[in-house]
Structure formats: structure tokens, C-alpha cells
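Visitor: The sequence and its predicted three-dimensional model are supplied below.
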Amino acid sequence: MANGYSKQIQEQIKAAAEGTIFISSDFADIADTETIRRNLNRLTQAGMLRRILKGVYEKPKYSKLLDEYVAADPEAVANALARSYHWTIAPCGNTALNLLGLSTQVTAVWSYISDGPYKTYEWNSTKLEFKHRTNKEITGLSYMTSLVIQALKTLGRSNVTPEVIQMLSEKLTDKDKQDCLKEATESTDWVYDTIRQICGGEKVQ
């Protein structure tokens, strides 16, 4: 028989989409840490949740096509860890290129810059890496602005072609473009010039 706390925790999980990643603090308004931990362990044993890492759980997503549960989304796990530890993170390297559709290369390690410590996490065949950076590189930037800056830095100035600029321009919403123009002013000159071309429709020189 589910008590009040258990019922509320279960209802919150049931209301979430399949594939949602949970951490203990997501339920902090319902009960104390120990009660939450016990309930999440019980729900994991019952198959309602899947434990990915210590303190990180997933509401499993089932694929009828594959007839099996889908692997957890590394991006969602990274964001859950950041939420748990109050880090600001942004995808970097090939991870940033992948998420923006600029690379189809399968990334062996999902890399993020973070204002937290250097950390790595592994589960199944997935590896997450958080690299410490100064706050200036990430704090105060929206997710998309950080993502674009990191992708451009990964490509390098000489590899930013008119096609890349066009692709990014089509991918960003008007709101993303406004944010980028406003927030990226502290980035390197060539990066900001490129962002102006992406967001302002300026012709590539």
C-alpha cells in the first residue's frame, strides 16, 4: 500500500515522458532525502525506474520497433547531473558538433565544459566527461549560445564554411539568434563575427 509520499513520487514519475531522467532532488518538495531514496530504490526494483548512475534514474523508454528498452540519452543524464550538483554545463568538442548536426561521427565520449570540477561517469558503453572551465565561458549564456560557441571553437576558424553558417542559421530560432547576439559578445572576435553572420544574415566575407 503506497503511503502519501510514495503516491506523490509515483504520480510525478507517471506524469513524465518515457526517457525522463530523475535525480533525488527532483522530489525534494515531497519528502526528505532518505524517504525519497528508499522509494526510488523500490520503484527501480519494481521496474518503473532504471538506475543509470548513483542517484540518477530513468523512466525507461520502450521501442515497439526494436522490441526493447532504448538506451538512456547521455545528454539528458549530463543535464540531470548538472542539476544535481548545481553546475552550469555546455556540450563541447564533437558532442557540440553532433548535437547541432554538424558531424555524423559517433562520439565515444560525451564531453561538456562545466563550472564544476573535472569528472567522468560511465555506464554500459557510454562515457560522460565534464571539463572545468572558467565561469566566463558558460555562466550567463543560454544553452544554445554555449552550444554554438563551443561548436565553432571545435571546428576552428578555417573550417567554418558558408555551408556551416547556413546550416546553423536554419537550425536556430529567432529567439536563439537574439540570445546569441546579446550573450556572445565576450567570445573571441572571429567567433562573434561568425555568430553575427549566422544570426544577422550578413554575407560571409
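Guide: Ah, there it is. Numbers count the residues shown, from 1 in each chain.
Visitor: May I ask which helix or strand encompasses residue 117?
Guide: Following DSSP states H and E, there is no helix or strand that holds residue 117.
Visitor: show me the contacts for it.
Guide: Contacts for residue 117 were tallied using Cβ atoms under 8 Å, 6 or more residues apart in numbering; they are 130, 132. The way it works is simple: take the backbone N, C-alpha and C, and place the C-beta from them, glycine included.
Visitor: at 7 Å instead, please
Guide: residue 132 (Cβ atoms under 7 Å, 6 or more residues apart in numbering).
Visitor: Which pLDDT value goes with it?
Guide: What the model reports as pLDDT for residue 117 is 93.
Visitor: What segments of this structure are helices?
Guide: Ranges of helices within the chain are 4-15, 33-45, 74-85, 93-99, 143-155, 162-171, 174-183, 189-200, based on DSSP state H.
Visitor: Turn these into TSV, including mean neighbour count.
Guide: As requested, the helices of the chain are exported to TSV (neighbours: other Cβ atoms under 10 Å):
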stretch	mean neighbour count
helix 4-15	15
helix 33-45	15
helix 74-85	19
helix 93-99	21
helix 143-155	23
helix 162-171	15
helix 174-183	16
helix 189-200	18
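Visitor: what's the closest of those to residue 125?
Guide: The minimum distance between residue 125 and these falls on helix 74-85, with 10.6 Å, by Cβ to Cβ.
Visitor: send the alpha carbons of the closest one over as PDB?
Guide: C-alpha atoms of helix 74-85 as PDB (Å, rounded to 0.1, in the frame of the first residue of the first chain):
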ATOM      1  CA  PRO A  74      23.600  10.800 -22.500                       C
ATOM      2  CA  GLU A  75      22.600  14.500 -22.900                       C
ATOM      3  CA  ALA A  76      19.700  14.100 -20.500                       C
ATOM      4  CA  VAL A  77      21.900  12.300 -18.000                       C
ATOM      5  CA  ALA A  78      24.500  15.100 -18.300                       C
ATOM      6  CA  ASN A  79      21.800  17.700 -17.600                       C
ATOM      7  CA  ALA A  80      20.500  15.700 -14.600                       C
ATOM      8  CA  LEU A  81      24.000  15.500 -13.100                       C
ATOM      9  CA  ALA A  82      24.400  19.300 -13.600                       C
ATOM     10  CA  ARG A  83      21.100  19.900 -12.000                       C
ATOM     11  CA  SER A  84      22.000  17.700  -9.100                       C
ATOM     12  CA  TYR A  85      25.400  19.400  -8.400                       C
END
